[in-house]
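>>> For reference, the sequence and a predicted model appear below.
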Amino acid sequence: MATEEYDYIMTFTSHNRALYMYQRLTGRNIKVKLVTAPNKINISCTQAVKFKEIDIEIIQTELKRNNIYPTATFKIIKDGKNETYELVN
């Protein structure tokens, strides 16, 4: 079974905000994944949401609608099995 590839990862100020946004986005049938934030980008919360570039506008709209703003958003850069992260916002 192939694993889903995601383009971005977004961190939040709390586990509750990450979980809430994950639930809101999956409720809108957006392909997202709730993950443990990698140590390289873990700022304040241990949870993060991964998503695809095609859904970025819908996700930004949903964040504003719910008055929730991420701590940071990173582009996921694949290098074989390794991932590095480039700060987007």
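Right, received. Where do you want to start?
>>> From here on, just use CA atoms for contacts and neighbour counts.
Noted.
>>> First residue to last residue on stretch 47-58, what's the distance there?
20 Å (CA to CA, to the nearest Å).
>>> got the buried residues for it?
Gln47, Ala48, Val49, Lys50, Phe51, Lys52 (16 or more other CA atoms under 10 Å).
>>> Identify the bridge partners of the fourth one.
The reference is to Lys50. Ile9, Lys33 (DSSP bridges).
>>> these two touch, right, it and Val35?
Yes: under the criterion of CA atoms under 8 Å, Lys50 makes contact with Val35 at 7.2 Å.
>>> Quick check: which helices or strands does the lengthiest helix in the chain pack against?
In the chain, assigned by DSSP state H, the helix with the most residues is helix 15-27. With contacts taken as 3 or more CA pairs under 8 Å, 6 or more residues apart in numbering; DSSP states H and E, helix 15-27 sits against strand 32-36, strand 47-51, helix 56-65.
>>> looking at those, which is closest to Arg24?
Distance to Arg24, taken as CA to CA, is lowest for helix 56-65 among these, at 7.9 Å.
>>> Can you give me the end-to-end span of stretch 43-54?
End to end - CA to CA - stretch 43-54 spans 25 Å.
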